[in-house]
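Participant: Just a sequence and a predicted model for now, questions to come.
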Amino acid sequence: MPDHDEGAEVVRKKWNESFQRKLDEKPRQFAWQSEIVNRYMIANYLDGASVSMYLKRYLGDKVVKRGLEVGGGLGKQALQCYKMLNAEQFDVLDISDFSVAQGNAIAKEQGINVRYAVSDLNKDPLPTNQYDLIIASGSLHHIENLEHLFEQIGRALKPDGVFFANDYMGPTHMQWTDDQLAIMNQLLAVFPDEYAKVRHRDDQVGKEVTRIPLEIFARVDPSEGVRAAEIFDVMRDHLDIMDIVPIGNTINYEMLRGRIHNFDDADTKDAFILDLLCTFEKILLDRGVISSDFNLVFAKQKIR
């Protein structure tokens, strides 16, 4: 793997390009971009609430004057929380200077008090005792120095502050377990060709999932899933975890990655297949055959 500074520049470049693609509205790539898959998650994991509404329900009548999103990119979650919670101010930190510039332009245009700044969360400090709420949405699995970040989050929270994460916490660098690979590949083997076309492989039919070689991560994005499997353990060392809410995608994330565009949410047959895949995955989770790779986590300062 490259050293940190070299790796940080690779990551910055990668995310600048990624956020530009998001603005260009490229076709969907991931399972949760399907209305059917998202609706299943809401109904079967989150008691009928979206992720943002689940957070609001969890916070109850807690007043959030100042919030922070770490690794927020274009700040979608921060913008929702700022408006939904009637916050006075929300800060967004991200390594991508492109997303920070875009975010500040959007905030200025909308006349809202959401402030974006460039930050390397692996080494930069956070202000002490400032935030009622800190959120991380899909960013923790990109952090190598988890010890530093969680220590900073603990310090940055007010004594009654809440940390909320919505993230991938599965195998590091997406090195899928033997059980995951076996289940995904047995399911893909029975996919008709029209459902097995892979977007990032020029729509070639792909009916096998393999572990991505580590050298590809080093070249494309060394931060991707860099210590994902350690997130819970390191978080527990620095914060008190109050609740963990599993939301699945242990099988469907990789199996449907690049294939989800083959399914039309409005088509009855396609919707049935997606519902069936989601149901099968949840049965495996409920029976302890697999664990949840994606989770919502609520935590607070650790009392020492």
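Facilitator: Ah, there it is.
Participant: For the residue nearest the centre of the chain, list the residues it contacts.
Facilitator: With distances taken as Cα atoms, centre = their mean, the residue of the chain nearest its centroid is G138 (2.2 Å). Residues near G138 by Cβ atoms under 8 Å, 6 or more residues apart in numbering: G71, N166, D167, Y168. The way it works is simple: take the backbone N, C-alpha and C, and place the C-beta from them, glycine included.
Participant: cool, E230 as well?
Facilitator: L146, T172.
Participant: That one belongs to a strand?
Facilitator: No: read with DSSP: H, G, I helix; E, B strand; the rest coil, E230 is helix and lies in no strand.
Participant: Format the contacts of G138 as a markdown table; extra columns: neighbour count, secondary structure and pLDDT.
Facilitator: Conversion of the contacts of G138 to a markdown table gives the following (neighbours: other Cβ atoms under 10 Å; DSSP: H, G, I helix; E, B strand; the rest coil; pLDDT from 0 to 100):
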| residue | neighbour count | secondary structure | pLDDT |
| --- | --- | --- | --- |
| G71 | 24 | coil | 96 |
| N166 | 21 | strand | 98 |
| D167 | 21 | strand | 98 |
| Y168 | 20 | strand | 98 |
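Participant: just the residues you listed now: which is nearest K302?
Facilitator: Set against K302, the nearest of the contacts of G138 by Cβ to Cβ is D167 (19.2 Å).
Participant: residues in contact with the closest residue to L214 other than its chain neighbours?
Facilitator: Excluding the flanking residues, the one nearest L214 by Cβ to Cβ, 6 or more residues apart in numbering is H173, at 6.1 Å. Taking Cβ under 8 Å, 6+ apart as the contact definition, H173 lies against I212, L214, F217, E224, G225, V226, A228.
Participant: The same query, at a cut-off of 7 Å, please.
Facilitator: When contacts are counted by Cβ atoms under 7 Å, 6 or more residues apart in numbering, H173 touches L214, F217, E224, G225, V226.
Participant: Could you list which of those residues belong to helices?
Facilitator: In helices, defined here by DSSP state H, the members of the contacts of H173 are L214, F217.
Participant: Give me the buried subset of the contacts of H173.
Facilitator: Buried members of the contacts of H173, counted by 16 or more other Cβ atoms under 10 Å: F217, E224, G225, V226.
Participant: between these, which is nearest E281?
Facilitator: Of all these, the one sitting nearest E281 is G225; the distance, using Cβ to Cβ, is 19.4 Å.
Participant: shouldn't that closest one be in contact with Q175?
Facilitator: No: contact between G225 and Q175 fails when scored by Cβ atoms under 7 Å: they sit 8.3 Å apart.
Participant: Could you measure from the residue nearest to L214 over to P213?
Facilitator: The spacing between H173 and P213, counted by Cβ to Cβ, to the nearest Å, is 10 Å.
Participant: Give me the nearest residue to F263, chain neighbours excluded.
Facilitator: D270 (4.3 Å).
Participant: do you know how far that neighbour is from N44?
Facilitator: D270 sits 19 Å away from N44, going by Cβ to Cβ.
Participant: Same question for D264.
Facilitator: Per Cβ to Cβ, D264 is found 22 Å from N44.
Participant: show me where the stretch 1-150 of the chain has helices.
Facilitator: 4-23, 35-44, 51-59, 76-84, 97-110, 146-156 (DSSP state H, counting those that start in this stretch).
Participant: Would you tell me which of the ones you listed gets closest to P192?
Facilitator: Among the helices of the stretch 1-150 of the chain, helix 35-44 comes nearest to P192, with 17.7 Å by Cβ to Cβ.
Participant: remind me which residues of this protein are low pLDDT?
Facilitator: By pLDDT under 70, the low-scoring segments of the chain are 1-7, 10, 12, 14-27.
Participant: ok, back up a step: if I read this right, the residue nearest to F263 contacts D264, doesn't it?
Facilitator: Yes: with contact defined as Cβ under 7 Å, D270 counts as touching D264 (4.9 Å).
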